[in-house]
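A.B. asks: need a 3D model of the sequence below.
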Amino acid sequence: MTQTTQSASLDDRQHKPRKTKIHSILGDPEHRIILRVLADADGSVSLKELTRATLRDQEYDADVSVSILEGLMLDIYLPVLDSTGAIETDAGYNRIGPGEHHEAYLQMAEAVDEVYEQHFGGI
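C.D. replies: From the prediction side, this is the model:
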């Protein structure tokens, strides 16, 4: 293998998300809900709008308060999704919108939900 071929392979791997990261993201129902909420939104949304829409989703555990979910969004869910390009945020997470890879993650999330429903009968 030549040096040029090896460099191209390394560059390709740096721009492709790892399957294990994709699986861990799609395995989290909150991530899938956020992807759906952003797909339904017209452009970017505020943290408060995203939080409230997530709480209204039938798949989400509604026993969580708005303030707790906002904390989870800021500390866990949004940084993970932002790091993959599934969402795009401003510096303070004031505006959240679909990222470069949002559509691909959304399609995979919908497929996961569909297969689950086929085999286990719903949410």
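A.B. asks: please make it C-alpha for all contacts and neighbour counts, starting now.
C.D. replies: OK.
A.B. asks: now tell me which helix or strand of this protein has the poorest mean pLDDT.
C.D. replies: helix 3-15 (a mean of 50; mean pLDDT, DSSP states H and E).
A.B. asks: ok, then the element right after it?
C.D. replies: As assigned by DSSP states H and E, the chain's next helix or strand after helix 3-15 is helix 19-26.
A.B. asks: select the longest helix from this structure.
C.D. replies: helix 102-120 (DSSP state H).
A.B. asks: give me every residue that touches residue 112.
C.D. replies: residue 26 (Cα atoms under 8 Å, 6 or more residues apart in numbering).
A.B. asks: please read the previous query as pertaining to residue 86.
C.D. replies: Counting by Cα under 8 Å, 6+ apart, residue 86 makes contact with 35, 98, 99, 100, 101, 102, 103, 105.
A.B. asks: how close does the residue nearest to the first one when sequence neighbours are not counted sit to residue 92?
C.D. replies: Nearest in space to residue 35, with sequence neighbours left out and distances taken as Cα to Cα, 6 or more residues apart in numbering, is residue 106 at 5.8 Å. Between residue 106 and residue 92 the distance, using Cα to Cα, to the nearest Å, works out to 24 Å.
A.B. asks: for residue 80, same thing?
C.D. replies: Taking Cα to Cα, one finds residue 80 at 15 Å from residue 92.
A.B. asks: between the two, which one's more packed in?
C.D. replies: More crowded of residue 80 and residue 92, by other Cα atoms under 10 Å: residue 80, with 17 against 9.
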